[in-house]
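S.K.: What follows is a protein structure lacking sequence information:
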């Protein structure tokens, strides 16, 4: 698992999850923060689970799941902003981080798929 901890997208996904859980002290809707937290936690968790599966094909499959979870969190952040549950600046900052993580996941998925096609 030491190699996993060096994976930049996993590091950012973990930090993203911690940042999302930090919203619990400033958001008055705990159910909303709980759901958002589950989405964010799922990103890093699926990266880790896929990494440990031992095959590029399985890793890519779990990265796609993580990409779906980050899209879910991104959507919830924007809804939270529009509903007045989350400060606009914080929401936009976290939503931008979600987009960056999604791009990193896409790049890693593409790399794994291309690597598989060459073998």
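M.R.: Received the coordinates, thanks. What you are looking at is a predicted structure, and each value in this text was computed from that prediction instead of being measured. Numbering: from 1, shown residues only.
S.K.: contacts and neighbour counts: CA atoms only from here.
M.R.: OK.
S.K.: just so I have it, where are all the strands in the protein?
M.R.: With DSSP state E as the definition, the chain shows no strands.
S.K.: low-scoring pLDDT stretches of the chain, where are they?
M.R.: Low-confidence segments of the chain (pLDDT under 70): 1, 119.
S.K.: Longest helix of it, counting residues only.
M.R.: helix 88-118 (DSSP state H).
S.K.: buried ones in that one?
M.R.: By neighbour count on 16 or more other Cα atoms under 10 Å, the buried set for helix 88-118 is 91-92, 94-95, 97-102, 104-106, 108-109, 112.
S.K.: Looking at these, spot the one nearest residue 3.
M.R.: Closest approach to residue 3 among the buried residues of helix 88-118 (Cα to Cα): residue 108, at 15.1 Å.
S.K.: ok, now which ones touch that closest one?
M.R.: residue 60 (Cα atoms under 8 Å, 6 or more residues apart in numbering).
S.K.: Residue 43 versus that one, what's the distance?
M.R.: 14 Å (Cα to Cα, to the nearest Å).
S.K.: Repeat that for residue 67.
M.R.: Distance of residue 67 to residue 43, computed by Cα to Cα: 7 Å.
S.K.: Which parts of the protein are helices?
M.R.: According to DSSP H, the helices that the chain contains are 2-5, 8-21, 30-52, 56-82, 88-118.
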